[in-house]
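>>> From the sequence below, what's the structure:
(one chain, ligands or ions: 1)
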Amino acid sequence: MKKKIAIIGGGNLGTAIAQGLIDKQYCHPSSLCVTRRKPDKLESLKSAGVTVHSDNLKAATEAGMIILAVKPYQVLDICKEIAGGINEGDKVISVATGISTASMAEALNGRGSIYRAMPNTAIAIGESMTCICGNGVANEADLEEISRLFQTVGETAIITEDLMNASTVLGACGIAYAMRFIRAASQGGIEIGFHADVAQKIAAQTVKGAADLLIKNGLHPESEIDKVTTPQGCTIAGLNEMEHQGFSSALIKGIITSYKKI
Ligand SMILES: NC(=O)c1ccc[n+]([C@@H]2O[C@H](COP(=O)([O-])OP(=O)(O)OC[C@H]3O[C@@H](n4cnc5c(N)ncnc54)[C@H](OP(=O)(O)O)[C@@H]3O)[C@@H](O)[C@H]2O)c1
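Residues are numbered from 1 along each chain as shown. The predicted structure follows:
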């Protein structure tokens, strides 16, 4: 059985995954291979013991798990390029938006098991939310293995392929929505007296703390809101004003608009 992991496309995402695998000791650096056309840009991975070069077919041939981290328009060409190196049981995982497992299966001549993963930019700090799916014949053990791999760079959820676009909107675009919330909160903070840097620190750490209350304690947002809304107090007054101005509705409509556009 081939034990190596190949990452085809050592850009932002590919190197973040490689670094996560090394940092969390998912595998030894020597069992990792990362390719790109300009492999000299992968010097830090190389000095960590990772094999780096630009031969995608060789990398795929030696690996049992192949992660495609190139731009979406390149995925099918790369599949055709590496098809000859893919054997039964090998797993090919694309992180590109919008390229279906069916089109990859065709480009790979039906070779290997095909999966998709949708991380977000927080992968760079090991805090991604990554949604993972297979095709109709996906193997549960493979999905679990891929999930464990992406847990080195954050949290994961296994979903069906028809939800991949929705996961892109909620998880990947979601980073931008959350950033805009923090930016707007900072702007409010400046108006009520803080310097910009302090306002941003307070807004960002408050969002992080709020998210952690849900993630770590498994609570519902409304039960946490109830804890901070004193009757006739300032929190409920501000929150209700935000809702009168369409706060929740704006977010929901924005998510639906992104989804229609994708
Ligand atoms: N960044 C994220 O957080 C994120 C989140 C979700 C999904 N994605 C998806 O992940 C993919 C990669 O995104 P990215 O941000 O990492 O892009 P990126 O930084 O541009 O990385 C793409 C890499 O692919 C390499 N490449 C191009 N052609 C190649 C080829 N023929 N063989 C081998 N490598 C090749 C490029 O290096 P050379 O020019 O040296 O070849 C480049 O380093 C995209 O499909 C994107 O939609 C990214």
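
>>> any idea whether Cys27 is helix, strand or coil?
coil (DSSP: H, G, I helix; E, B strand; the rest coil).

>>> mind saving the C-alpha coords of the helix or strand containing Leu239 as PDB?
Assigned by DSSP states H and E, Leu239 belongs to helix 234-244. Below are the C-alpha coordinates for helix 234-244, written out as PDB (Å, rounded to 0.1, in the frame of the first residue of the first chain):
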ATOM      1  CA  CYS A 234     -28.800  48.500  27.200                       C
ATOM      2  CA  THR A 235     -28.000  45.200  25.500                       C
ATOM      3  CA  ILE A 236     -31.600  44.300  24.600                       C
ATOM      4  CA  ALA A 237     -32.300  47.900  23.500                       C
ATOM      5  CA  GLY A 238     -29.300  47.900  21.100                       C
ATOM      6  CA  LEU A 239     -30.000  44.400  19.900                       C
ATOM      7  CA  ASN A 240     -33.700  45.100  19.200                       C
ATOM      8  CA  GLU A 241     -32.700  48.300  17.300                       C
ATOM      9  CA  MET A 242     -30.300  46.200  15.200                       C
ATOM     10  CA  GLU A 243     -33.100  43.800  14.400                       C
ATOM     11  CA  HIS A 244     -35.500  46.700  13.600                       C
END
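
>>> could you point out which element follows it?
Moving toward the C-terminus from helix 234-244, the next helix or strand (DSSP H and E) is helix 247-261.

>>> Report the buried residues of that following helix.
Buried positions in helix 247-261, judged by neighbour count with 16 or more other CB atoms under 10 Å: 255, 258. All C-beta atoms are positioned from the backbone trio N, CA, C, and that covers glycine.

>>> How about stretch 181-198?
Counting neighbours by 16+ other CB under 10 Å, one finds that the buried residues in stretch 181-198 are 182, 185-186, 189, 194.

>>> just stretch 135-145 next, same as before
Going by neighbour count (16+ other CB under 10 Å), the buried part of stretch 135-145 is 138, 142-143.

>>> Stretch 177-184 and the ligand in contact?
No - against the ligand, stretch 177-184 shows no contacts by CB under 6 Å from any ligand atom, the least distance being 13.4 Å.

>>> What segments of the chain are strands?
Here the chain has its strands, by DSSP state E, at 4-8, 32-35, 51-53, 63-68, 91-94, 113-118, 128-134, 154-158.

>>> neighbouring strands for the shortest one, and are they parallel or not?
Read it as strand 51-53. Paired neighbours of strand 51-53 in the sheet (DSSP bridges): strand 32-35 (parallel).

>>> Report whether the partner strand contacts the ligand.
Yes - Strand 32-35 comes into contact with the ligand (CB under 6 Å from any ligand atom), by way of Thr35.

>>> Excluding residues flanking it in the chain, which one is nearest Ser30?
Leaving aside its sequence neighbours, Ser30 sits nearest to Gly49 (CB to CB, 6 or more residues apart in numbering; 5.4 Å).

>>> and that neighbour, how many residues sit next to it?
12 (other CB atoms under 10 Å).

>>> do the same with the one 3 residues further on
With neighbours defined by other CB under 10 Å, the count for Val52 comes to 23.
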